[in-house]
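Asker: Fold the following, please.
(2 chains)
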Protein chains: 2
Amino acid sequence: MTMVRDHVVPLLPQPRLLRGSRLRIGMVAPAWLAVPPTGYGGIERVVSVLTEGLVAAGHDVTLFAASGSVTRARLVTPLESSPPFGDPASVSDELYHSTAAFLRADEFDIVHDHTGMGPALGALLNGRTPVVHTLHGQWTAPIRRLLALVHDRIRLVAISQAQRAANPRLRYAGMVYNGIDLAAHPFHPAKEEFLIFVGRVSPEKRPEIAVEVARAAKLPLVMVIKRSEPAERAYFDEVVAPLLGEDVVVLDQPPHEVKVDLLGRARALLFPIDWPEPFGLVMTEAMACGTPVITCPLGAAPEVVANGTTGFLCSTPSQMVDAVAAATELRPEDCRARVEERFSAQAMVAGYEVVYRAALASAGPLVNHAPLERIAEPA
Amino acid sequence: MTMVRDHVVPLLPQPRLLRGSRLRIGMVAPAWLAVPPTGYGGIERVVSVLTEGLVAAGHDVTLFAASGSVTRARLVTPLESSPPFGDPASVSDELYHSTAAFLRADEFDIVHDHTGMGPALGALLNGRTPVVHTLHGQWTAPIRRLLALVHDRIRLVAISQAQRAANPRLRYAGMVYNGIDLAAHPFHPAKEEFLIFVGRVSPEKRPEIAVEVARAAKLPLVMVIKRSEPAERAYFDEVVAPLLGEDVVVLDQPPHEVKVDLLGRARALLFPIDWPEPFGLVMTEAMACGTPVITCPLGAAPEVVANGTTGFLCSTPSQMVDAVAAATELRPEDCRARVEERFSAQAMVAGYEVVYRAALASAGPLVNHAPLERIAEPA
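Answerer: Numbers count the residues shown, from 1 in each chain, chains lettered A, B, ... in the order given. Coordinates of the predicted model:
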């Protein structure tokens, strides 16, 4: 079979050849948190799911990540120990981590970067190895400026149509939704009489509105929060703490199993964002567990949530209170199905394979690659 | 004449060809301070002297520097305004500034970098354009680590033998002493009865020992200081201020003309360093003005100062007090001559031309270059 392929391959047009080949992928995660993260860490969770999915699809993946990471890929940890998360003094650590990875670009067919300095470092490789960079964050002025400088030298991937539309001047290689590991998010069709909030304690996430809505809806609220940084602690102390009462339970970065158990049992996720959320991973986690999402029509939320089927897009807290009542009418099976169809690990892996192969097709022919053991077809 | 050269050139061995050619040089200064600096800024002063010297030698120099810079080279200011000096939040500014410069590497025969991120960015160019990086600072652990990663992909230049000896494992392209503009440092043979200290207010520079020595020597002291950063202000308030009296005058970053006038009139410069100073530009400034230097046998000081001729290397404050008396025996002409011979702009320019040409000779042939109008021969 392999022999036949080897004979046929040179006659096929380039994309067909590439589709069947095993790619050597250098996956560059941020310097700070382990992959997967033990607590908070949306980027690291997505990188983990993608990396394991690519390995399962037969690719040869090298993961550059913080020490403590666990993966079936080849793991490289440039730094002996991870710098403190968010510490600006760790610039030299970040530079070292990313540089160590990019210096090995020649070993890979594709470098897939998820770091802050990666767009600059990747642009200087000048196409020798194509560099794919996933846009995980918001459009800050410094990020807009840097990407405007380098966007035609790397392959930018947006994580939602909304994110891409908010900065349409850049050249994009594609849009690939974040995917989650469905097996790690058990479907829980039976709901209990409480609501849940999951997120950083910040003005973008508006945890205080979740408290207000739950109280008006006369339901207890479980808050799964992160408040590890000074600004988060200050926001909690000043804005959230004064509102707390017996009807609110606060859990600070509980284990994943605790979080998904609570997500699955809740009547709905309250996600009252006040910013253009580029994706909103927790919305997919809730839906995977069979739980509808009550959020706002901002950023990617209208793409992630099927309004009236897997949740509600609300513009005011009082609309959210009404949505809490209406959520009992929604079918947990529809919530689960939406994630299976659009936000699964498999869909994400297939999406990035298309991006990788398009990058390679335009960058030149691939040589000396073994055929894939299992060929993952793009969705 | 040009015609003859053009015919002869292909027959000459590569280094001879390169010696006579006009180089296109991309000079990358740090993002923060103008070149030349208005006050403190040793790196920016050296970059300015080097840039103007290379232009005078006939090279085609493009200077990437902070806005407000003044040069006869082609000036590029990637940032509209300079970020606050030393602000760790300005990482994105620094990354943008340096990336904007390195993305243009293909326009130059040589990129000469003086920035913190330059070694990493330059290493990723992978020799397409040779990158020379001058080691301006001390051997911190992060710098040792980064350079160990990239030293065989860029051309490191030490600024003293002592600096190089303190980290002998790296591959160096050479050692080039910093040079100063002799015309901007007038020779002042007549001395007055006071001493001078010039430097940052920090434990490395030990300004309090200068006060102690001057008082024991019964001479007034002029202190030309920088105390703009929090640590410097704290050190001044806690360590220096309690010692001040009528015999000490403090000037905070005066104009250059005021500084060199005082340097020239002083009996000696007190430079009681407590760290391995990688070069010590102010020692050459003092000597250029005809003023001997009283310092310690640390770092580059024994290379910069001719002990017993242009100053004294002292291990204790009491030795320094003795040296203040002995300084009257030293000849201002000998101080000036040492700088003219070793630490002039011309010597520095010639030194870097040797480094550039060696880098190009090993990197491959040069093409399409006009001959130099004035050929600067290496010293």
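Asker: Tell me who's in contact with the nearest residue to A:E192 once chain neighbours are set aside.
Answerer: Setting aside the residues directly before and after it, A:E192 is nearest to A:R265 in space (Cβ to Cβ, 6 or more residues apart in numbering or on different chains), at 4.6 Å. Where you see a C-beta, it was placed from the backbone N, CA and C, and this is true even at glycine. Under the criterion of Cβ atoms under 8 Å, 6 or more residues apart in numbering or on different chains, the neighbours of A:R265 are A:H188, A:A190, A:K191, A:E192, A:F194.
Asker: next one: A:M223
Answerer: A:M223 touches A:I196, A:F197, A:V198, A:P207, A:A210, A:V211, A:V248, A:V249, A:V250, A:L251, counting by Cβ under 8 Å, 6+ apart.
Asker: change it to 6 Å
Answerer: A:F197, A:V250 (Cβ atoms under 6 Å, 6 or more residues apart in numbering or on different chains).
Asker: ok, now A:S98?
Answerer: A:S98 sits in contact with A:T115, A:M117, A:G118, A:L121, where contact means Cβ under 6 Å, 6+ apart.
Asker: Roughly how far does it sit from B:N307?
Answerer: According to Cβ to Cβ, to the nearest Å, A:S98 and B:N307 sit 45 Å apart.
Asker: what are the ranges of the strands in chain A?
Answerer: For chain A, the strands defined by DSSP state E cover A:24-28, A:60-64, A:74-76, A:110-113, A:131-134, A:155-158, A:172-175, A:195-200, A:221-226, A:248-252, A:268-271, A:293-295, A:311-313.
Asker: will you turn those into a markdown table that also has distance to B:A173?
Answerer: Shown next, in a markdown table, are the strands of chain A (distance: least, Cβ to Cβ, whole Å):
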| stretch | distance to B:A173 |
| --- | --- |
| strand A:24-28 | 29 |
| strand A:60-64 | 29 |
| strand A:74-76 | 29 |
| strand A:110-113 | 28 |
| strand A:131-134 | 29 |
| strand A:155-158 | 35 |
| strand A:172-175 | 38 |
| strand A:195-200 | 47 |
| strand A:221-226 | 47 |
| strand A:248-252 | 52 |
| strand A:268-271 | 56 |
| strand A:293-295 | 57 |
| strand A:311-313 | 61 |
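Asker: ok, now which ones touch the closest residue to chain B within the stretch 151-300 of chain A?
Answerer: Distances between the stretch 151-300 of chain A and chain B by Cβ to the nearest Cβ are smallest at A:R153, namely 7.7 Å. By Cβ under 6 Å, 6+ apart, the contact list for A:R153 reads A:A123.
Asker: how about the residues of the stretch 1-150 of chain A that lie near chain B?
Answerer: A:88, A:91-92, A:95-96, A:99, A:102, A:120-121, A:124-125, A:142, A:145-146 (Cβ under 6 Å from any Cβ of the partner chain).
Asker: Name the member of the contacts of A:S98 with the most neighbours.
Answerer: The most crowded member of the contacts of A:S98, judged by other Cβ atoms under 10 Å in any protein chain shown, is A:L121 (30 neighbours).
Asker: pLDDT below threshold where in chain A?
Answerer: Applying pLDDT under 70 to chain A flags residues A:1-20, A:85-89, A:126-127, A:363-379.
Asker: now do 80
Answerer: Chain A contains residues with pLDDT under 80 at A:1-20, A:82-89, A:126-128, A:363-379.
Asker: Mind naming the longest helix for it?
Answerer: helix A:345-363 (DSSP state H).
Asker: That one packs against which elements?
Answerer: Contacts defined by 3 or more Cβ pairs under 6 Å, 6 or more residues apart in numbering or on different chains; DSSP states H and E place helix A:345-363 against helix A:14-19, helix A:42-56.
Asker: Buried residues in it, which are they?
Answerer: Neighbour-count burial for helix A:345-363 flags A:345-361 (criterion: 16 or more other Cβ atoms under 10 Å in any protein chain shown).
Asker: hmm, back to that, show me which of the residues of the stretch 1-150 of chain A next to chain B are buried.
Answerer: A:91-92, A:95-96, A:99, A:102, A:120-121, A:124-125, A:142, A:145-146.
Asker: Do a quick rundown of the helices in the stretch 101-250 of chain A.
Answerer: For the stretch 101-250 of chain A, the helices defined by DSSP state H, counting those that start in this stretch occupy A:118-125, A:141-150, A:161-165, A:207-216, A:230-235.
Asker: Just say which of these is most tucked in.
Answerer: Highest mean neighbour count of these: helix A:118-125, a mean of 25 (counted as mean count of other Cβ atoms under 10 Å in any protein chain shown).
Asker: Export the helices and strands packed on helix A:345-363 to TSV and append columns for mean neighbour count and distance to B:G174.
Answerer: As requested, the helices and strands packed on helix A:345-363 are exported to TSV (neighbours: other Cβ atoms under 10 Å in any protein chain shown; distance: least, Cβ to Cβ, whole Å):
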stretch	mean neighbour count	distance to B:G174
helix A:14-19	16	46
helix A:42-56	23	42
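Asker: Dump the ones you listed to CSV, plus distance to A:V35.
Answerer: Compiled in CSV, the helices and strands packed on helix A:345-363 are given as follows (distance: least, Cβ to Cβ, whole Å):
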stretch, distance to A:V35
helix A:14-19, 27
helix A:42-56, 5
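Asker: Could you pull up the contacting residues of the spatially closest residue to A:S82 that is not a sequence neighbour?
Answerer: Leaving aside its sequence neighbours, A:S82 sits nearest to A:A66 (Cβ to Cβ, 6+ apart; 4.2 Å). Counting by Cβ under 6 Å, 6+ apart, A:A66 touches A:W32, A:L33, A:A34, A:S82.
Asker: Report the two members of those residues separated by the largest distance.
Answerer: Greatest spacing in the contacts of A:A66, by Cβ to Cβ: A:W32 and A:A34 (8.8 Å).
Asker: and these two? which has more neighbours close in?
Answerer: Between A:W32 and A:A34, counted using other Cβ under 10 Å, the more crowded position is A:W32 (23 against 20).
Asker: A:A65 versus the more buried one, what's the distance?
Answerer: For A:W32, the distance to A:A65 - Cβ to Cβ - is 10 Å.
Asker: State whether A:L135 and A:R155 are indeed in contact, as I suppose.
Answerer: No - applying Cβ atoms under 6 Å, one finds A:L135 not in contact with A:R155, separated by 11.1 Å.
Asker: in stretch A:267-274, what's buried?
Answerer: In stretch A:267-274, counting by 16+ other Cβ under 10 Å, buried: A:R267, A:A268, A:L269, A:L270, A:F271, A:P272, A:I273.
Asker: Equivalent analysis for stretch A:64-82, please.
Answerer: Here stretch A:64-82 shows A:F64, A:A65, A:A66, A:S69, A:T71, A:A73, A:L75, A:V76, A:T77, A:P78, A:L79, A:S82 as buried, counting by 16+ other Cβ under 10 Å.
Asker: The last one touches A:W32, doesn't it?
Answerer: By that I understand A:S82. Yes - here A:S82 lies in contact with A:W32, judged by Cβ under 6 Å, at a distance of 5.4 Å.
Asker: can you pull the contacts of A:E94?
Answerer: Contacts of A:E94 by Cβ under 6 Å, 6+ apart are A:A31.
Asker: what's the answer for A:R336, then?
Answerer: A:F187, A:G290.
Asker: And A:V248, by the same measure?
Answerer: For A:V248, counting by Cβ under 6 Å, 6+ apart, the contacting residues are A:V211, A:L221.
Asker: any idea how far it is from A:A323?
Answerer: From A:V248 across to A:A323, the span is 19 Å (Cβ to Cβ).
Asker: A:F279 now?
Answerer: On the measure of Cβ to Cβ, A:F279 and A:A323 end up 21 Å apart.
Asker: And the residue lying closest to A:E193 once chain neighbours are set aside, its phi and psi?
Answerer: Distances taken as Cβ to Cβ, 6+ apart place A:L219 nearest to A:E193, at 6.1 Å, with adjacent residues excluded. A:L219 adopts backbone torsions of phi -130, psi 150, taken as degrees, to the nearest 10.
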